[in-house]
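[1] structure for this input, please:
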Amino acid sequence: MTIDDPVLDMPVTWAYAQPTPLADVLETFVENILDYRARITRTPASSTSAAIVAALREMGAASVVVPDGVPEPWMDALAEAGLCVVRDDPALSPRQLDEVDAVLTGSAVSMAETGTIC
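    Next up, the predicted model:
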């Protein structure tokens, strides 16, 4: 069935691979992350390890799963804080994951427009 309605048949101009202009990329990212009810802590790179430990302590975590590739300063801070660090290599079973209080990951790339963390 074809609908011949000029309002519904409006051509949409779309250019792929073009950046979406954002007034403030970081603020847009924060707004979109907060939509997911996530907590955001802004910290300089030199304070990331301390911020991670503080967040884990605040949530009452005693153990944390850490994948390969986590920066050594983060690992050192976890050990110094007395947290039980569980490696995910070999892969943990669902039951083993259920026994751990938290999971630590990092991100090198994120999308401000959607709040996607990669």
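[2] now do the same end-to-end measure for stretch 29-49.
    22 Å (CA to CA, to the nearest Å).
[3] which residues of the chain fall in strands?
    Using DSSP state E, the strands of the chain run over 63-66, 84-87, 102-103, 110-111, 116-117.
[4] list the buried residues in the first one.
    Applying a neighbour-count criterion of 16 or more other CB atoms under 10 Å, the buried positions in strand 63-66 are 64, 65, 66. C-beta coordinates here come from the backbone N, C-alpha and C atoms, glycine included.
[5] let me have those in JSON lines, adding pLDDT as columns.
    Below are the buried residues of strand 63-66 laid out as JSON lines (pLDDT from 0 to 100):
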{"residue": "64", "pLDDT": "97"}
{"residue": "65", "pLDDT": "96"}
{"residue": "66", "pLDDT": "95"}
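[6] follow-up on the earlier one: go through the strands of the chain and pick out the most buried.
    Ranked by mean neighbour count, the strands of the chain are led by strand 63-66 with a mean of 18 (mean count of other CB atoms under 10 Å).
[7] strands paired with that strand, and their directions?
    Strand 63-66 pairs in its sheet with strand 84-87 (parallel), strand 102-103 (parallel), by DSSP bridges.
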